[in-house]
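Undergrad: Fold the following.
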Amino acid sequence: MQRRVLTLDEAALRRRTSIKWRLHDPDVLPLWIAEMDVVPAPAVVDELHRIARDGDLGYPVTQPYVEAVVALYAEWGAQVEPSRARPVADVMSGVRAGLAVLTGPDDPVYITVPVYPPFHAAAHEVGRRLVPVPLGPAGRLDAAALEAAFVEGGRGALLLSNPHNPTGTVPTREELADVARAAARHGVRIVSDEIHAPLVLPGADFTPLLSLPEGQSGLAVFSPAKGWNLAGAKSAVLMGGSEAAAAMRALPPGLEYTTSHLGVRLHTAALVGARDWLADLVLDLDANRTLLAGLLAEQLPRVRWQAVEATYLAWLDLRELGLGDDPAHHLREVARVALSPGPPFGAGAGYARLNFATSPQILTEAVTRIARSV
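TA: As a prediction, the model looks like this:
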């Protein structure tokens, strides 16, 4: 299949100055950090040109941004009142703010491992106690395991990755509702990081926490940063359900002043004017998901993985290759391919995370290098 937006060759990508392309030696193919090798959306490029032309680099007006995010959530079936939505610097800033208002000192923060490494740090950064709970065997939410943890650990907060990073699973409406009901029974409030929601691939459907009657005491954080590849232009929105108004009022009054004007403007341009581009991206990611499955089956049959339902991040079980707890080290040093090490995700010994949001040529070369190295 001809790619529409994942078309950039390695020479063009090596002109980039982001950490993805500058951290490692120039002979290393970087398929690690969650940044896409994608042609930017024309609407975003046009807005960036306008900002530069007009010298529009002051302080942000955030209301249009909040309204665009709320409108997107309405399309997903979540009716969020703009009065219960606050702009924040980025998703993890919103996560920390949410945990701080929903819990008290040394309360437990439950996370489902393996999960995005900054989740582990967030609990400690707000003075809370981290309680890891394993996902189910298929990398999905396990309501029974979570309820058992709630019984033992008591009231606190559950920090969710929805869709999940790194397993790429998308909780069904029933799975999410089961977890929300278990949390409610034990006085556990939910903070849901939904940054990957625009990147749900064919075959799955995204359910926002705030679309559920059982989720209305929780908070959700969203940013277009991942869906439109805008991590360098930070901004996000923290939203509360109909039963979370008090928590939203308890947030620090200056949160909106931490947002970036550049982020607000580019994210709004993406939400309003780059939906066709996003549709093309999802098709390209779906094609790369199929390509990766074929490459692994042909060249690395001992590598186990479950084809993702969302994101562009493949969670690879490399334990049968005998490369130790951190196989990413071998792959970087020997294969000259950089993946994200598994151990920092929790329950990730012997695993690595591969970013397949790149051209088919680079993805093929990376898997070929890995196969040769083992």
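Undergrad: average model confidence for stretch 7-19?
TA: Here stretch 7-19 scores 98 as its mean pLDDT.
Undergrad: Ends of that stretch, what's the gap?
TA: This stretch, stretch 7-19, spans 20 Å end to end (CA to CA, to the nearest Å).
Undergrad: what residues does it touch?
TA: With contacts defined as CB atoms under 8 Å, 6 or more residues apart in numbering, stretch 7-19 is touched by 21-22, 26, 29, 33, 35, 37-39, 232, 359, 361-362. Glycine gets a C-beta too; all of them are placed from N, C-alpha and C.
Undergrad: Make JSON lines out of those and add distance to Ala182, secondary structure and neighbour count.
TA: Shown next, in JSON lines, are the contacts of stretch 7-19 (distance: CB to CB, whole Å; DSSP: H, G, I helix; E, B strand; the rest coil; neighbours: other CB atoms under 10 Å):
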{"residue": "Trp21", "distance to Ala182": "43", "secondary structure": "helix", "neighbour count": "18"}
{"residue": "Arg22", "distance to Ala182": "44", "secondary structure": "helix", "neighbour count": "11"}
{"residue": "Pro26", "distance to Ala182": "49", "secondary structure": "coil", "neighbour count": "8"}
{"residue": "Leu29", "distance to Ala182": "42", "secondary structure": "strand", "neighbour count": "22"}
{"residue": "Ile33", "distance to Ala182": "33", "secondary structure": "coil", "neighbour count": "15"}
{"residue": "Glu35", "distance to Ala182": "35", "secondary structure": "coil", "neighbour count": "21"}
{"residue": "Asp37", "distance to Ala182": "39", "secondary structure": "coil", "neighbour count": "26"}
{"residue": "Val38", "distance to Ala182": "38", "secondary structure": "coil", "neighbour count": "24"}
{"residue": "Val39", "distance to Ala182": "43", "secondary structure": "coil", "neighbour count": "18"}
{"residue": "Gly232", "distance to Ala182": "38", "secondary structure": "coil", "neighbour count": "14"}
{"residue": "Ser359", "distance to Ala182": "43", "secondary structure": "coil", "neighbour count": "20"}
{"residue": "Gln361", "distance to Ala182": "46", "secondary structure": "helix", "neighbour count": "13"}
{"residue": "Ile362", "distance to Ala182": "42", "secondary structure": "helix", "neighbour count": "20"}
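Undergrad: which ones are touching the residue nearest to Arg3 when sequence neighbours are not counted?
TA: Distances taken as CB to CB, 6 or more residues apart in numbering place Asp284 nearest to Arg3, at 4.8 Å, with adjacent residues excluded. Neighbour list for Asp284: Arg3, Arg4, Val5, Leu6 [criterion: CB under 8 Å, 6+ apart].
Undergrad: let's go with 10 Å and repeat that
TA: Going by CB atoms under 10 Å, 6 or more residues apart in numbering, Asp284 touches 1-7, 36, 38, 312, 357-360.
Undergrad: Max pairwise distance over the contacts of stretch 7-19: which two?
TA: Using CB to CB, the pair of those lying farthest apart is Gly232 and Gln361, separated by 24.5 Å.
Undergrad: before we move on, back to that, so the residue nearest to Arg3, which of the three states?
TA: Of the three states, Asp284 takes helix according to DSSP: H, G, I helix; E, B strand; the rest coil.
Undergrad: circling back: looking at the contacts of stretch 7-19, which one is closest to Val126?
TA: Ile33 (24.2 Å).
Undergrad: Surely the closest one touches Ala231?
TA: Yes - counting by CB atoms under 10 Å, Ile33 touches Ala231, with 8.7 Å between them.
Undergrad: any shared contact partners between the two?
TA: In contact with both Ile33 and Ala231: Ser18, Ile19, Lys20, using CB under 10 Å, 6+ apart.
Undergrad: who wins for neighbours among those residues?
TA: For these, the largest neighbour count, defined by other CB atoms under 10 Å, is 20 neighbours, found at Lys20.
Undergrad: mind checking the SS state of it?
TA: helix.
Undergrad: Might you report the residue contacts of it?
TA: Lys20 neighbours (CB under 10 Å, 6+ apart): Leu13, Pro30, Leu31, Trp32, Ile33, Ala34, Glu35, Met36, Asp37, Ala231, Ala338, Asn355.
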